[in-house]
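Chemist: Give me a 3D structure for the following:
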Amino acid sequence: MFELVSHQSFFRGVYVKMSKIKNYFIFTIAVLIVFPFIAFSQSSTNPEHNKVVVKKTSRKSIGKDAEKPKFQHAIAPLELDLGTINITDKSSEGSFIFKNTASGVIKWSTDGPEGWENLDKQKLLGVIKNVPGFLHVEISLLPKETIPGESKQKFNYVEMKLDAGSGKIICRKEFPAGIYKETVKINSTDGPKTIFVSFIIGYTQEAPLINLYPARLDMGGVSPDKSVSRKIVATNSGREMLKWSVEVQKHTVEDKPFNVGRYISFANDEAKGTGVYALPARLKDTFEFTGKWAEINGCPVGAEEENLIKIHFNGTGIIMYLLNSHEEAGMTVSLDRRLIEKNEMFREKRGELLIARDIAYGPHVLTITSKNNHLGFEGVKILGEPMYYFPEGSIRIMPNSGAITRQSNYINVSLNMAQLQPGYYLNNIIFNTNGGEEVVEVFAEVMPDSLAKVVDVYRYYNGTDYMFTANPQAESGKLIQNRYTKEGIAFRLFNADTPGTTSFYRWYNPQTRVHFYHYDQAGGGKNLRGYVFEGPIGNIATSRLTNTRELYRWYNPKTGGYFYSTDMQGGRINKKVYRFEGIAGYVK
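Modeler: Below you'll find the model as predicted:
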């Protein structure tokens, strides 16, 4: 079959030959003979093809219908590792390579790393044609900024220079020693792309300097007959060896804490390392986190757009602790629906916001709207509650001394709550080093027996079934055999002797491989044919008790499975698949 190009070439050749000998008669005869033959061959082999060919004979039509070239913008590497930077060393640098793997021109721009201060207040622009382009990155530590009232400096300005061709921008941000991975967004005519710059701030000075994480240790609510332990990580920001020893601050029986508050950490150990923050069950009674939250060390960090924190508390004031400096924080703060200006929030220390103090004791609501994708929250301190010092001997620390060069030391802090009256307790752990003194605050709540008798219920999932258990160790064989994955603490039930509660039973159907739960041993109207009774997993309240919340139930008609949650929205379950069935009871 002849193509359109062949036809055109044929006529052009004929035309040239005929024009040379000026023989229009022969040309006319050739056209009359050949063209019908071509048209006949096209229509006889493919009747539809003739329509396409006729349409494409117009040069104007060809230009109009031609597809525009598609740009293809490749960047290598996607993550640039600049290694360790130190105050006494030279800057570290490297480059990203931008390639255009198709025809055309690609224009791109960037504001620099997200959350950094752009000193030039302008974008870095670039163009990529048929030759690769380069985005050069240079990073260095600047001399330390003096912080009034602090003898030792932990934060340093990190400066990042980005240049491409003749353009350059300079960005800065404060960091303590640590490992970092910063995001740089590239906007281009080929669509947005994301690249990363990673680096380590090693030692920040010659002399030894201890860094402690966390700076405030929340031991949580503890029953008087139990002990609890947490870890402190100690690192050295100096070049020279750090020697340290630790002791608990001593107090007399008559000493009473003055003008201090109860610290509550937002950290969720279950979420640590997952990249996605989830509010721990212990905070769900008084804290609300809505929006999309990422996590760093288990603490919440704003991920996209606006994120909301709502805190219900009783007290005379509240302090918020941020993971990063608040000067660049894009957030609004209101207390009891009154908007608080940023200049009203007294900064005692970097990353610390004193939102209110000396207000009337009673119930209050703090609302924070975060508009900064990189703003992280460590915890809050509630003022106005009566506090007590831990009695001597109730805090144990192991080890109590050590030496650090480049490695980390892990210090275990354990509390023995025996014989302590219910209430809020605190004390200071003092680290004495050859680089100065540092303090870590320790907080805990000793709970009354009536409130302490709760049971953590863990949720496991294997793709079709949710299994809830208060004793995963005893049921490890079943969990492993059916390939369940742990999702963390779902809610808390009560001990069997708790007044106003009844047993919460579990059944399992071996055919459909799903579980069912109810406080009625007869199933509460559920057809239990095919189900095997597995007994109670704890006690549940059938009517609202003080400080309890609803446990909701959903049903999946496709699998026959059930899902239970204290979140009325159902968390991450597919609302198109699961059917809401109401309140299953009341839990902690």
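Chemist: Now do the strand or helix carrying residue 430, average pLDDT.
Modeler: Using DSSP states H and E, residue 430 falls within strand 423-433. Average pLDDT, strand 423-433: 94.
Chemist: Break this protein down into its domains, please.
Modeler: By the assignment in automatic domain parsing, the chain contains the domains 4-65, 73-201, 210-449, 453-587.
Chemist: Least reliable of the ones you listed by average pLDDT, please.
Modeler: Going by mean pLDDT, the lowest-scoring of the domains of the chain is domain 4-65, which has a mean of 42.
Chemist: can I get the domains of the chain in CSV with mean neighbour count?
Modeler: Every C-beta, even on glycine, is put in place using the N, C-alpha and C of the backbone. Formatted as CSV, the domains of the chain follow (neighbours: other Cβ atoms under 10 Å):
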stretch, mean neighbour count
domain 4-65, 12
domain 73-201, 16
domain 210-449, 17
domain 453-587, 16
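Chemist: What does the nearest residue to residue 460 once chain neighbours are set aside show for phi and psi?
Modeler: Nearest non-adjacent residue to residue 460, counting by Cβ to Cβ, 6 or more residues apart in numbering: residue 484, 3.7 Å away. When quoted as degrees, to the nearest 10, the phi and psi of residue 484 stand at phi -80, psi 150.
Chemist: so residue 484 makes contact with residue 462?
Modeler: Yes - using Cβ atoms under 8 Å, residue 484 makes contact with residue 462 at a distance of 4.7 Å.
Chemist: which residues in the stretch 401-550 of the chain form strands?
Modeler: All strands of the stretch 401-550 of the chain, identified by DSSP state E, counting those that start in this stretch, fall at 401-404, 409-416, 423-433, 436-446, 454-461, 466-469, 485-494, 501-509, 514-518, 532-541, 549-556.
Chemist: and of those, who's closest to residue 249?
Modeler: strand 423-433 (4.2 Å; Cβ to Cβ).
Chemist: The closest one pairs with which strands, and in what direction?
Modeler: Each strand paired with strand 423-433, and its direction, by DSSP bridges: strand 242-248 (antiparallel), strand 387-389 (parallel), strand 436-446 (antiparallel).
Chemist: what residues does that strand touch?
Modeler: 208, 210, 212, 217, 232, 234, 242-249, 251, 257, 260, 262-263, 385-390, 395, 397, 413, 437-446 (Cβ atoms under 8 Å, 6 or more residues apart in numbering).
Chemist: about what we covered before: now the strand holding residue 430 against strand 409-416, angle please.
Modeler: Strand 423-433 runs at 150 degrees relative to strand 409-416, counting by axes from the mean of the first three to the mean of the last three Cα atoms, to 10 degrees.
Chemist: With only the CA atoms kept, save strand 423-433 in PDB.
Modeler: Extracted in PDB, the C-alpha atoms of strand 423-433 (Å, rounded to 0.1, in the frame of the first residue of the first chain):
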ATOM      1  CA  GLY A 423      -0.700  13.200  92.500                       C
ATOM      2  CA  TYR A 424       1.800  14.800  90.200                       C
ATOM      3  CA  TYR A 425       5.500  14.400  90.900                       C
ATOM      4  CA  LEU A 426       8.700  15.900  89.400                       C
ATOM      5  CA  ASN A 427      12.400  16.200  90.000                       C
ATOM      6  CA  ASN A 428      15.600  17.100  88.200                       C
ATOM      7  CA  ILE A 429      18.400  14.700  87.000                       C
ATOM      8  CA  ILE A 430      21.600  16.700  87.000                       C
ATOM      9  CA  PHE A 431      24.400  15.700  84.500                       C
ATOM     10  CA  ASN A 432      27.800  17.000  85.700                       C
ATOM     11  CA  THR A 433      30.400  17.000  82.800                       C
END
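Chemist: how far is it from where the chain is centred?
Modeler: 30 Å (Cα atoms, centre = their mean, to the nearest Å).
Chemist: any chance of the strands of the stretch 401-550 of the chain in TSV, plus distance to residue 275?
Modeler: Shown next, in TSV, are these (distance: least, Cβ to Cβ, whole Å):
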stretch	distance to residue 275
strand 401-404	29
strand 409-416	23
strand 423-433	31
strand 436-446	27
strand 454-461	18
strand 466-469	23
strand 485-494	15
strand 501-509	32
strand 514-518	29
strand 532-541	30
strand 549-556	26
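Chemist: So residue 256 lies in a helix, does it not?
Modeler: No - if the criterion is DSSP: H, G, I helix; E, B strand; the rest coil, then residue 256 is coil and not within a helix.
Chemist: hang on, the earlier thing: nearest to residue 116, out of the strands of the stretch 401-550 of the chain?
Modeler: Minimum separation from residue 116 across the strands of the stretch 401-550 of the chain (Cβ to Cβ) falls at strand 436-446, 27.9 Å.
Chemist: Give me the contact list for the closest one.
Modeler: 151-152, 209-210, 212, 214-224, 228, 232, 262-263, 390, 395, 413, 415, 417, 420-431.
Chemist: CA-only coordinates of that strand in PDB, if you can.
Modeler: Presented in PDB, the C-alpha positions along strand 436-446 are these (Å, rounded to 0.1, in the frame of the first residue of the first chain):
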ATOM      1  CA  GLY A 436      29.400  22.100  82.100                       C
ATOM      2  CA  GLU A 437      26.100  21.100  83.800                       C
ATOM      3  CA  GLU A 438      22.900  20.000  82.100                       C
ATOM      4  CA  VAL A 439      19.500  19.100  83.600                       C
ATOM      5  CA  VAL A 440      16.700  16.700  82.500                       C
ATOM      6  CA  GLU A 441      13.300  17.200  84.100                       C
ATOM      7  CA  VAL A 442      11.400  14.100  85.100                       C
ATOM      8  CA  PHE A 443       7.600  14.000  85.500                       C
ATOM      9  CA  ALA A 444       5.100  11.300  86.500                       C
ATOM     10  CA  GLU A 445       1.500  11.000  87.700                       C
ATOM     11  CA  VAL A 446       0.800   8.500  90.500                       C
END
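Chemist: Can you give the distance from that strand to the centre of its chain?
Modeler: The mean C-alpha position of strand 436-446 is separated from the chain mean by 27 Å, Cα atoms, centre = their mean.
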